[in-house]
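**Q** One predicted model, sequence on top.
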There are 2 protein chains.
Amino acid sequence: MRNPFELEQRDPGSLARAGWLTDRSGNRLPTPLFQPVATSASLKTLDWADLEKIGYAHVLMNTYHLVVDPGSELIRRHGGVKAWSGWRGSVLTDSGGYQAFSLAARRSLKPDGVEFTDHLHGGRHLFSPEFTLRSQLNFGVDFAMPIDVCTGLPAERRRVIKDMRFTHDWLAEQVRIWPELVERSALPAALPPVLFGIAQGGLEEDLREQSIQLVAYSGVQAMAVGGLAVGEPREDFLRLTEFCGQRLPEERVHYLMGVGDPADLVFAVAMGFDMFDCVQPTRMARHGSAYTRQGRMQLKNSRFRDDPRPLDPKCRCMVCRRYSRSYLNHLIRTGEHSAARLLTWHNLAFYLDLMKRLRRLITGGSFGRRWRGIYAELNRRLPDDL
Amino acid sequence: MRNPFELEQRDPGSLARAGWLTDRSGNRLPTPLFQPVATSASLKTLDWADLEKIGYAHVLMNTYHLVVDPGSELIRRHGGVKAWSGWRGSVLTDSGGYQAFSLAARRSLKPDGVEFTDHLHGGRHLFSPEFTLRSQLNFGVDFAMPIDVCTGLPAERRRVIKDMRFTHDWLAEQVRIWPELVERSALPAALPPVLFGIAQGGLEEDLREQSIQLVAYSGVQAMAVGGLAVGEPREDFLRLTEFCGQRLPEERVHYLMGVGDPADLVFAVAMGFDMFDCVQPTRMARHGSAYTRQGRMQLKNSRFRDDPRPLDPKCRCMVCRRYSRSYLNHLIRTGEHSAARLLTWHNLAFYLDLMKRLRRLITGGSFGRRWRGIYAELNRRLPDDL
């Protein structure tokens, strides 16, 4: 299996790293990398041209959603998810296991996969190790995730162990069948796609350590940590992010799934993580919330009705260069969908800018001295917060 | 009063004309001109950067909506509706009389104006001749419309006459106070704003003729025909559009309010009209309908699920260059707001392209020979129509 990651520089004062991730076309994505979530091959409220203008060249999509609609065979017939949807950047797909548990009805965990009834058309599906990989290869993605069991928290240790066994058994099966499935895949590219491994283990440090070791030796060259940021207390999230970050093989990419708020990202980068994805910037935008250098701002608040300033006076994004808080507040108040789009645009620009800034600090050697201050600043909440 | 219109060329085979309309900044807008409707200083689903990219430099906004929210004083304090909203093109505002009748509650027609309760905040308003002009001057618009009474059809002749009296009395009043209001207006520009006059008269030819004459001699230099395309039978619409088109003073701009579908525009251009506005392209987009050279297409239809072609293979807009019918159908099916935005983008690009094409035919001298064929083609409905 191919290792898509190249380590450029280590921060001397923390576990942070700057690096590059190479997709199937040979394009290099800078890390730390935030992946916008384009669930069903569409980033809510934006189109791909918007996303390119903001500066993104990579998105995360969900296998669950794409299998449910329009189906992986249709996408394959249209030349893969990029040709079909018009997206020209690179793509990582989640395996769909998480959504099968969080969105679907009548789900059951079986030795051969997750069986469920989908939330959209009510169809019955079995997401087996082979099915999820074949689907992702039909999509022609750059980075594929294995199906796993993301244990809901809080959970008893017994449950965590049981779920972990599924995760590990399925990973072994997926590593075994991957080369032949890739071989048979109809969508060629300059480089082969990359399969990640996902470590689970709930909030138990010894189980996390076991899982990381097992994934590290499974044959995959790209490492993800799953099952955090799923509702556990913040101190547990911080503790386990640190614990896991310290134990991941250095020469591979480290993906912390489902994370997070800007402050979380700063913390996780300091703990050695390179890749992230989260619906927060896009979901909060649809609820009227904008991220700024001083914390989060709820634009619905009537105090912005007459405020001529941009969302974040230091931001250089299209929205901040053109629109005032007063006008954005008016768009929200009058129910215009474009309000959600403009806030989504700004929030994603804010995230991209944050990742660039962190990367510069790492390559400039000052990340270790600076990250705690940035973390504290971003962790503030403005008085007009939700 | 300033005449903003310059006639460039008459079509030898019809009443069609190509010309130029000059806004307050001295920018020249080509006619025939379709005005996208940006009701509350926002074009539904798009932002101004989108509209500029499509190629529009002019929009119509509604005084009713802007007075109700955020109010004309707030807009004045922020330097007018352009500075406040970030729109850099030119603006015409409807007077709000039509919306007071179609949207508001507890409305009453009084000699001094239209009194109503607004649909958004439930505030009580009196749109008097002076109030509507002052509001529009507070907005800093390029083109202002007088308050009038748009008679709902069908209507008895007696009613049409009664409404027309209000329209004419108010116009006289508005022409009288206009110079002083402009003088006192706080938002200066290279050229003074232009006040239109609106001719009414229902479906009665003799009343239409009277009203046109009265407006022509009222002192305004820009002529609008209102009260058509308000639900009357199509043959009446065509008959009266032709009747009015033949009677408008040639050296002034002719604005047919609230029109229309692509085929209607071709007909009205042939009858000598220069300016139009209509919510059709944007509203139909939000209902999943796209305009094409072969008629209208309902993208929700499952026959498009697997269709790799663009909306209109001859269209060069961003949407047609990038997205397939299959992907757009998927966006609609999965409830993504971006579907409405992309269809709105295409429909407005389609309208702009149509107006450019008509203008080229006029300046090339072949409009008179060609318009009936184009009209018939656009008037077709695809089998998968709504």
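**A** Structure received. Numbers count the residues shown, from 1 in each chain, chains lettered A, B, ... in the order given.

**Q** Is A:Arg283 within a helix or a strand, and which one?
**A** helix A:280-286 (DSSP states H and E).

**Q** Remind me what that helix packs against, helices and strands.
**A** strand A:289-292, helix A:337-363 (3 or more Cβ pairs under 8 Å, 6 or more residues apart in numbering or on different chains; DSSP states H and E). The way it works is simple: take the backbone N, C-alpha and C, and place the C-beta from them, glycine included.

**Q** how about these in TSV, adding distance to A:Arg158, mean pLDDT and mean neighbour count?
**A** Below are these laid out as TSV (distance: least, Cβ to Cβ, whole Å; pLDDT from 0 to 100; neighbours: other Cβ atoms under 10 Å in any protein chain shown):
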stretch	distance to A:Arg158	mean pLDDT	mean neighbour count
strand A:289-292	39	95	24
helix A:337-363	38	98	22
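
**Q** Indicate which one of those is closest to A:Leu29.
**A** When these are compared by Cβ to Cβ, helix A:337-363 sits nearest A:Leu29, at 10.6 Å.

**Q** Report the buried residues of the helix or strand following the closest one.
**A** Downstream of helix A:337-363, the next assigned helix or strand under DSSP H and E is helix A:367-379. Buried residues in helix A:367-379, counting neighbours by 16 or more other Cβ atoms under 10 Å in any protein chain shown, are found at A:367-368, A:370-371, A:374-375, A:378.

**Q** what pLDDT, on average, does helix A:367-379 get?
**A** Averaged over helix A:367-379, pLDDT sits at 92.

**Q** got a list of contacts for it?
**A** A:11-14, A:16, A:261-263, A:266-267, A:269-270, A:293-295, A:354, A:358, A:361 (Cβ atoms under 8 Å, 6 or more residues apart in numbering or on different chains).

**Q** Residues contacting the helix holding A:Arg283, please?
**A** So helix A:280-286 is contacted by A:36-37, A:43-45, A:260-261, A:290-291, A:296, A:340, A:343-344, A:346-348, A:350-351 (Cβ under 8 Å, 6+ apart).

**Q** any idea how far the residue nearest to A:Gly55 when sequence neighbours are not counted is from A:Leu358?
**A** If the residues on either side of it in the chain are set aside, A:Gly55 comes closest to A:Leu352, at 5.3 Å by Cβ to Cβ, 6 or more residues apart in numbering or on different chains. Counting by Cβ to Cβ, to the nearest Å, the gap from A:Leu352 to A:Leu358 is 11 Å.

**Q** Using CSV, write out the CA atom coordinates for whichever helix or strand A:Gly197 is part of.
**A** A:Gly197 is part of strand A:194-199 when elements are defined by DSSP H and E. C-alpha atoms of strand A:194-199 as CSV (Å, rounded to 0.1, in the frame of the first residue of the first chain):
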residue,chain,number,x,y,z
VAL,A,194,-5.2,5.1,-0.3
LEU,A,195,-7.0,3.1,2.3
PHE,A,196,-6.9,4.4,5.9
GLY,A,197,-7.1,2.4,9.1
ILE,A,198,-9.3,3.6,12.0
ALA,A,199,-8.4,3.1,15.6
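
**Q** So for that strand, mean pLDDT?
**A** On average, strand A:194-199 scores 98.

**Q** Which elements pack onto that strand?
**A** When contacts are defined as 3+ Cβ pairs under 8 Å, 6+ apart, strand A:194-199 packs onto strand A:143-144, helix A:157-184, helix A:205-216, strand A:222-225.

**Q** Just the buried positions in that strand, please.
**A** Residues of strand A:194-199 classed as buried under the neighbour-count rule (16+ other Cβ under 10 Å) are A:194-199.

**Q** What of stretch A:16-34?
**A** For stretch A:16-34, by 16+ other Cβ under 10 Å, it's A:16-24, A:27, A:29-34.

**Q** do the same with stretch A:307-315
**A** Within stretch A:307-315, the residues scored as buried using 16+ other Cβ under 10 Å are A:307, A:310-312, A:315.

**Q** Show the pLDDT at the nearest residue to A:Phe166 once chain neighbours are set aside.
**A** Take A:Phe166 and drop its neighbours on the chain: the residue closest to it by Cβ to Cβ, 6+ apart is A:Val149, 4.7 Å away. Note on A:Val149: pLDDT of 94.

**Q** Might you report the residue contacts of A:Val149?
**A** A:97, A:101, A:109, A:114, A:163-164, A:166-167, A:200.

**Q** now swap in A:Asn138 and tell me
**A** A:72-73, A:75-76, A:80, A:185-187 are the contacts of A:Asn138 under Cβ under 8 Å, 6+ apart.

**Q** How about A:Arg28?
**A** So A:Arg28 contacts A:6, A:20-22 (Cβ under 8 Å, 6+ apart).

**Q** What is the distance between stretch A:23-37 and the centre of its chain?
**A** With Cα atoms, centre = their mean, to the nearest Å as the basis, stretch A:23-37 stands 11 Å off its chain's centre.

**Q** Now do whichever strand or helix holds A:Phe237: which elements does it pack against?
**A** Assigned by DSSP H and E, A:Phe237 belongs to helix A:234-245. Applying 3+ Cβ pairs under 8 Å, 6+ apart, one finds that helix A:234-245 makes contact with helix A:205-216, strand A:253-256, helix A:262-270.

**Q** List the buried residues in stretch A:51-64.
**A** In stretch A:51-64, counting by 16+ other Cβ under 10 Å, buried: A:51, A:54, A:56-64.

**Q** what do you get for stretch A:89-107?
**A** A:89-101, A:103-104, A:107.

**Q** Let me see the ranges of the helices in the stretch 51-200 of chain A.
**A** Here the stretch 51-200 of chain A has its helices, by DSSP state H, counting those that start in this stretch, at A:63-68, A:72-77, A:81-85, A:97-102, A:129-139, A:157-184.
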